[in-house]
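In: give me a 3D structure for the following:
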Amino acid sequence: MPLSPSEFGQLAQGMGGFVLVAALITGLAFVRQWGWRFRFVGVTLFSLVLTVGLFALSLSPITRTTIPGAVPYALVYDRFTAEATIALPPTVTLPQVEATLRQAASNLFSPGRNGQGKEQLTIRARTLLHVAEGVSRPVYLGQVRRSLRLREDPNLVVTLDPEQFTADGQIRNLATGAPISPPLQN
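Out: Here you go, the predicted structure:
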């Protein structure tokens, strides 16, 4: 089970105390001219780097949001700007697309994104449909827009493309207009 930010904070405090003790021992070693004093400088500085890393992990959560009904997705385009694209399996349904877009909007949020003058992050969902032997076509299923600055965005907007789905919520076959059948299970 991953550690929570508060647990990383407690570890950072403990390591901070160790760094202070190590710095005192290092100072005493230099005053007394002990032979291992330079080795302890390395121990002190490495401990300081670990403390800074633990403190950074305590500032923001590293856990992922899980939304019921969402399916696993692959991040296919993200240059850490205001746009990203995720890929979904071709057997995904309309409710699953919406849930997955909401999950991706939460998981891909970062206050460090470079909006390049934009105020919203846009995440598009697409799938690949095989229209002929050796020929695939990307089909965009929907998108979500959320704030680049607010973690809990009250104005999150999910837009789905209903033309890509049949009446029962499955992706429409490009050639026949019928739902795509799920792949055979072994």
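In: what does the pLDDT read for the residue of the chain most remote from its centre?
Out: Distance to the chain centre peaks in the chain at residue 32, reaching 50.5 Å (criterion: Cα atoms, centre = their mean). We have a pLDDT of 93 for residue 32.
In: can you give me the strands in this protein?
Out: For the chain, the strands defined by DSSP state E occupy 74-78, 83-87, 120-132, 135-147, 157-160.
In: can you list those strands in TSV and add mean neighbour count?
Out: C-beta coordinates here come from the backbone N, C-alpha and C atoms, glycine included. Shown next, in TSV, are the strands of the chain (neighbours: other Cβ atoms under 10 Å):
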stretch	mean neighbour count
strand 74-78	12
strand 83-87	20
strand 120-132	18
strand 135-147	18
strand 157-160	15
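In: for residue 40, see how far away the residue farthest from the centre of the chain is.
Out: For residue 32, the distance to residue 40 equals 12 Å [Cβ to Cβ, to the nearest Å].
In: kindly report the same for residue 103.
Out: 48 Å.
In: the more surrounded of those two?
Out: residue 103 (22 against 18; other Cβ atoms under 10 Å).
In: list the buried residues for the longest helix along the chain?
Out: Secondary structure of the chain per DSSP state H: the longest helix is helix 5-32. Using 16 or more other Cβ atoms under 10 Å as the test for burial, helix 5-32 gives 8-9, 11-12, 15-16, 18-19, 22-23, 26, 29.
In: list just the nearest of those residues to residue 126.
Out: The shortest approach to residue 126 among those belongs to residue 8, at 35.7 Å (Cβ to Cβ).
In: how's the protein carved up into domains?
Out: Domain assignment for the chain by automatic domain parsing gives 5-59, 74-164.
In: from residue 27, how far out is residue 16?
Out: Per Cβ to Cβ, residue 16 is found 17 Å from residue 27.
In: residue 81 too?
Out: As judged by Cβ to Cβ, residue 81 and residue 27 stand 47 Å apart.
In: which residue, other than its chain neighbours, is closest to residue 98?
Out: Nearest non-adjacent residue to residue 98, counting by Cβ to Cβ, 6 or more residues apart in numbering: residue 158, 5.5 Å away.
In: would you check that that neighbour makes contact with residue 100?
Out: No: contact criterion Cβ atoms under 8 Å: residue 158 and residue 100 do not qualify, at 10.0 Å.
In: coming back round to it: distance from the longest helix of the chain to the middle of the chain?
Out: Taking Cα atoms, centre = their mean, to the nearest Å, one finds helix 5-32 lying 32 Å from the centre of the chain it belongs to.
In: and it, what does it pack against?
Out: Packing contacts for helix 5-32, counted by 3 or more Cβ pairs under 8 Å, 6 or more residues apart in numbering; DSSP states H and E, involve helix 37-59.
In: avg pLDDT for the helix it packs on?
Out: The pLDDT scores in helix 37-59 average 92.
In: give me the low-pLDDT residue ranges for the chain?
Out: Within the chain, the stretches with pLDDT under 70 are 1-2, 61-63, 174-186.
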